[in-house]
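Student: how would this look folded up:
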Amino acid sequence: MSSAASSPSSLAHLLPPSWKTQVTAWLAEDTPSFDYAGYVVGEAPRTATLWAKSAGVVAGRPFFDEVFAQCGCAVEWHLDEGADVDPSSQQDGKVRAATVRGPARGILLGERVALNTIARCSGVAARSRALLTRMRAAGYTGILAGTRKTTPGFRLVEKYGMLVAGVDGHRTDLSSCVMLKDNHVWSRGSITDAVRAAKRVAGFSLKVEVEVQSEQEADEAIEAGADIVMLDNFTGDGVKVAARSLKERWQGKRHFLIEVSGGLREDNVEPYICNDVDIVSTSSIHQGVTHLDYSLKIEHREPQNFVAF
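Tutor: Reported below is the predicted structural model:
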């Protein structure tokens, strides 16, 4: 099994201080008042196994760990973050991913929240890696990036899944990059005025990106000082012609990056692959992805030493 270039701990260090409160909110949503089933099982110590039951990429370990930490349980992992997993190679069709130990009530309290989180994060990572692998095989050496079309309240997990797969998360929010789309330009009046206004307030540390529909609009954006031009909804041939033309025309005059976007997926991306393009961005790696199939099963052979209620 292969693993991502970054170690699990290094990726977890990217998470902001607020991320654990999100986990608390997920648990509060799932158990807003009484835990009736938890009353039934009590606090007897139990061991459960996390089984991976579909092929993909393991992603989301910090979130899984924190769910169970808040439920008084401990997790021991048997697969690395970013590991490729293929249960079809196993006789029983499943791979042991982790062991969870703690009170029965705690394991069952965190079960669904933890499974939902790791299943979606792993699904994003699997789709991201599959597209990146396809593009590398076709000769692309640039950046594959996600978009901001994420699930409200779950963006951190989805962006994290992209990073586990080796894909660029792109901007995480409106404050991390200035992206001027067609509505911004139309509202301001022109690309030039929009870029100049953005440059006035964004400061030196933020890039300004402009979505363009033609080479002429790209030229205007570059002349105005845009750091990135996004060729949006071009054809594959149109991308190759425009990207080469722009790089040749502005060589030695302005530094800028070219991004391509617009409905790109694993089954249609190859005609757009061109190393004059610096970034390919797509929402297909995180919208509508298939979740990986995981289950959590408590072992049956432990002593029946339930506590009295």
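
Student: Buried residues of stretch 38-54, list them for me.
Tutor: 38, 41, 46, 47, 48, 49, 50, 51, 52, 53, 54 (16 or more other C-beta atoms under 10 Å). Where you see a C-beta, it was placed from the backbone N, CA and C, and this is true even at glycine.

Student: Kindly report the same for stretch 139-146.
Tutor: Buried-residue list, stretch 139-146, by 16+ other C-beta under 10 Å: 140, 142, 143, 144, 145, 146.

Student: just to revisit the earlier point, from the buried residues of stretch 38-54, which ones fall inside strands?
Tutor: If you go by DSSP state E, the buried residues of stretch 38-54 have 46, 47, 48, 49, 50, 51, 52 in strands.

Student: Now for those residues: which two are most distant?
Tutor: 46 and 52 (20.4 Å; C-beta to C-beta).

Student: hang on, the earlier thing: distance to residue 230 and pLDDT for the buried residues of stretch 38-54 - can I get that in CSV?
Tutor: Output for the buried residues of stretch 38-54, formatted as CSV (distance: C-beta to C-beta, whole Å; pLDDT from 0 to 100):
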residue, distance to residue 230, pLDDT
38, 50, 93
41, 53, 93
46, 52, 96
47, 51, 97
48, 46, 98
49, 46, 98
50, 40, 98
51, 42, 97
52, 37, 97
53, 39, 96
54, 34, 95
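
Student: Residue 142 and residue 278 touch, don't they?
Tutor: Yes - under the criterion of C-beta atoms under 8 Å, residue 142 makes contact with residue 278 at 5.1 Å.

Student: Residue 252: neighbour count?
Tutor: 5 (other C-beta atoms under 10 Å).

Student: picking that back up, for residue 118, state which of the buried residues of stretch 139-146 is nearest.
Tutor: residue 146 (18.4 Å).

Student: what sits against the residue lying closest to residue 298 once chain neighbours are set aside?
Tutor: Leaving aside its sequence neighbours, residue 298 sits nearest to residue 48 (C-beta to C-beta, 6 or more residues apart in numbering; 4.5 Å). Contacts for residue 48 (C-beta atoms under 8 Å, 6 or more residues apart in numbering) come out as 99, 100, 101, 107, 111, 296, 297, 298, 299.

Student: just wondering, since we're on the third one, how far is it from residue 143?
Tutor: Just to be clear, that refers to residue 101. 41 Å (C-beta to C-beta, to the nearest Å).

Student: related to what we said a few turns ago, from residue 268, how far off is the residue nearest to residue 298?
Tutor: Relative to residue 268, and taking C-beta to C-beta, residue 48 is found at 42 Å.

Student: and if you look at residue 77?
Tutor: Counting by C-beta to C-beta - residue 77 and residue 268 are separated by 36 Å.

Student: show me what contacts residue 144?
Tutor: So residue 144 contacts 128, 131, 132, 135, 167, 168, 279, 280, 281, 282, 285 (C-beta under 8 Å, 6+ apart).

Student: pLDDT, neighbour count and distance to residue 233 added to the residues you listed, as JSON lines?
Tutor: Formatted as JSON lines, the contacts of residue 144 follow (pLDDT from 0 to 100; neighbours: other C-beta atoms under 10 Å; distance: C-beta to C-beta, whole Å):
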{"residue": "128", "pLDDT": "97", "neighbour count": "30", "distance to residue 233": "22"}
{"residue": "131", "pLDDT": "96", "neighbour count": "22", "distance to residue 233": "19"}
{"residue": "132", "pLDDT": "97", "neighbour count": "21", "distance to residue 233": "22"}
{"residue": "135", "pLDDT": "96", "neighbour count": "20", "distance to residue 233": "19"}
{"residue": "167", "pLDDT": "96", "neighbour count": "25", "distance to residue 233": "21"}
{"residue": "168", "pLDDT": "97", "neighbour count": "18", "distance to residue 233": "21"}
{"residue": "279", "pLDDT": "97", "neighbour count": "18", "distance to residue 233": "15"}
{"residue": "280", "pLDDT": "96", "neighbour count": "23", "distance to residue 233": "13"}
{"residue": "281", "pLDDT": "96", "neighbour count": "22", "distance to residue 233": "12"}
{"residue": "282", "pLDDT": "96", "neighbour count": "25", "distance to residue 233": "12"}
{"residue": "285", "pLDDT": "95", "neighbour count": "29", "distance to residue 233": "18"}
